[in-house]
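# predicted coordinates and the sequence they were generated for:
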Amino acid sequence: MDKEQLKSYNEVKSLKEQLTGLETEYWHLYSGLATWQFWVILLLFFIGPLVALYFLIDRKKMLLLGFYGFNIHVWFGYFDTWGTRQGFWGYPYELVPFFSGNISLDAAFMPILFMLVYQWTLNNNKNFYLYSLLLSLFLSFIFKPILVMHDFFQFHHGTNYFHLFLTFLVIFPFSKLITNVFVKMQK
């Protein structure tokens, strides 16, 4: 690495460290354990869905559903991190200060909803794509506006609910495609 590259690398590293410090300070002041928002995020969007999944998951299809849910989690995490880092949206309240995006939504709430829809379509011989599309519409145009109304989510730079909907339209079929490929490879 030449001197100019090393200098640039160290600048970026230093700014990241400063940003992490600011985010942690912000979290302690406005989003930490002493706030009611923290407890809503923890109980309603993280623990609640995990408990519901424990009781509702079809244990005979657990590996298939879990693999699909993990795919959803990973892609939502990537998209959310990208959108947050680009400044398209943000979360004034977070479960933990050291993850970009919203870990409770990306790792629990959204994947579990999609897993339960997938399970329901499998068990009732329904169209997976139609019901996942309906869930995406609900999440984009009803759920997210409720989060915005209560300051749990904010848009920036002209991003809107339709952009989020497009994200859903990419994530759930792509996750299903990856799941299908692995199921075929298993046979």
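Alright, I've got the coordinates.
# what pLDDT does the residue minimising distance to the centre of the chain get?
Residue closest to the mean C-alpha point of the chain, counted by CA atoms, centre = their mean, is Asp106 at 2.1 Å. Listed pLDDT for Asp106 reads 93.
# now do Lys187
Lys187 is assigned a predicted lDDT (pLDDT) of 85.
# give me the distance between Phe182 and Phe165.
From Phe182 across to Phe165, the span is 27 Å (CB to CB, to the nearest Å). From N, CA and C alone the C-beta is placed, and that goes for glycine too.
# secondary structure element holding the closest residue to Phe67 other than its chain neighbours?
Leaving aside its sequence neighbours, Phe67 sits nearest to Thr179 (CB to CB, 6 or more residues apart in numbering; 5.7 Å). Counting by DSSP states H and E, the element that carries Thr179 is helix 161-186.
# for that helix, packing partners?
Under the contact criterion of 3 or more CB pairs under 8 Å, 6 or more residues apart in numbering; DSSP states H and E, helix 161-186 touches helix 62-85, helix 110-123, helix 128-138, helix 144-149.
# what mean pLDDT does the last one get?
Along helix 144-149, the predicted confidence averages to a pLDDT of 98.
# got a list of contacts for it?
With contact meaning CB atoms under 8 Å, 6 or more residues apart in numbering, helix 144-149 is reached by Phe153, Gln154, Phe155, Tyr161, Leu164.
# can you tell me which of the helices and strands packed on helix 161-186 comes nearest to Leu53?
Closest of those to Leu53 is helix 110-123, at 4.9 Å (criterion: CB to CB).
# would you mark the buried spots in that closest one?
For helix 110-123, burial by neighbour count (16 or more other CB atoms under 10 Å) applies to Met110, Pro111, Ile112, Leu113, Phe114, Met115, Leu116, Val117, Tyr118, Gln119, Thr121.
# which residue sits closest to the fourth one, ignoring its sequence neighbours?
Leaving aside its chain neighbours, Leu113 sits nearest to Leu135 (6.2 Å; criterion: CB to CB, 6+ apart).
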